[in-house]
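**Student:** Build me a model:
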Amino acid sequence: MGQTEGMTIRVFLLDDHQVVREGVRRFLEAEADLVVVGEAASAADALEAVAQSRPDVAVLDVRLPDGDGVEVCREIRSAYPEVACLMLTSFADDEALAHAIMAGASGYVLKEIRGNDLVASVRAVAGGRSLVDAATTQRVLGQLRRQAAERSALSQLTGRELDILALIAEGKTNRQIGAELYLAEKTVKNYVSNLLAKLDMGRRAEAAAYAARLQLDRQHRQP
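**Tutor:** As a prediction, the model looks like this:
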């Protein structure tokens, strides 16, 4: 494994479930070159525990009761850039993967991973390799940029325009929207024209699909 060959790899574990930590520890410490030097059950305790244990690799749960494992990864990489972070999660989530990449994680694996594959992953990131290929990185970061652009466009709309957009997504006509919002049909038509212009869209159906994709909630007026 290059620079890790013949070396003992020091591993830190962060997971709020003791059973998970014990299971991962058992798999790792069955290997002569791996040793678990510290662990934590919460985001609040993680950074101090890493400072005390000074691992080579931190295996971090993404979802924690008191925070976000990705944010813990960012803090670890900022304070201890020599520590490689491997995210461990129960769910395949492109958005979480994108945030993990931007936080400096070297890998992102599911908890259903086989023990020998987890061992191989820890060795790989300890050796300076990334488990996230370039194509995946480009795909998830591109998706994140598109979502950011969509939210930026949505922020241009007024509260009333957001209400109308949500009702368009429900398939309602201008007359039905007017009746629900106590507006004249002509006024609704003007609102629709304005919001389409702001979103750089030419058709009502395009706006409806856009709102549905963002799951726009008229009560909260937020995607």
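
**Student:** where along the chain do the helices fall?
**Tutor:** 18-29, 43-53, 69-79, 94-103, 115-126, 134-154, 159-169, 174-181, 185-198, 204-213 (DSSP state H).

**Student:** Residues in contact with the first one: which ones?
**Tutor:** Contacts to helix 18-29, defined as CB atoms under 8 Å, 6 or more residues apart in numbering, come from residues 11, 13, 15, 34-36, 39, 41, 59, 61, 88, 111, 115-116, 118-119, 122. No exception for glycine: its C-beta is placed from N, CA and C like everyone else's.

**Student:** mean confidence for stretch 110-127?
**Tutor:** Computed over stretch 110-127, the mean pLDDT rounds to 91.

**Student:** Residues contacting that stretch, please?
**Tutor:** 1-4, 9, 11, 20, 24, 27-28, 31, 33-34, 56-57, 59, 84-86, 88-92, 106-107, 109, 131.

**Student:** Reformat the helices of the chain as a markdown table; add mean neighbour count.
**Tutor:** Output for the helices of the chain, formatted as a markdown table (neighbours: other CB atoms under 10 Å):
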| stretch | mean neighbour count |
| --- | --- |
| helix 18-29 | 15 |
| helix 43-53 | 17 |
| helix 69-79 | 20 |
| helix 94-103 | 19 |
| helix 115-126 | 19 |
| helix 134-154 | 13 |
| helix 159-169 | 21 |
| helix 174-181 | 16 |
| helix 185-198 | 16 |
| helix 204-213 | 16 |
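
**Student:** Comparing those helices, which yields the minimum mean pLDDT?
**Tutor:** helix 134-154 has the lowest average pLDDT among those, namely a mean of 67.

**Student:** Contacts only, for the nearest residue to residue 168 once chain neighbours are set aside.
**Tutor:** Of all residues beyond its chain neighbours, the one nearest residue 168 is residue 208 (5.0 Å), with distances taken as CB to CB, 6 or more residues apart in numbering. Each residue near residue 208 by CB under 8 Å, 6+ apart is listed here: 168, 169, 171.

**Student:** residue contacts, the residue sitting nearest the centre point of the chain?
**Tutor:** Central residue of the chain (CA atoms, centre = their mean): residue 96, 1.6 Å from the mean position. Shown in contact with residue 96 (CB under 8 Å, 6+ apart): 62, 70, 87, 89, 108.
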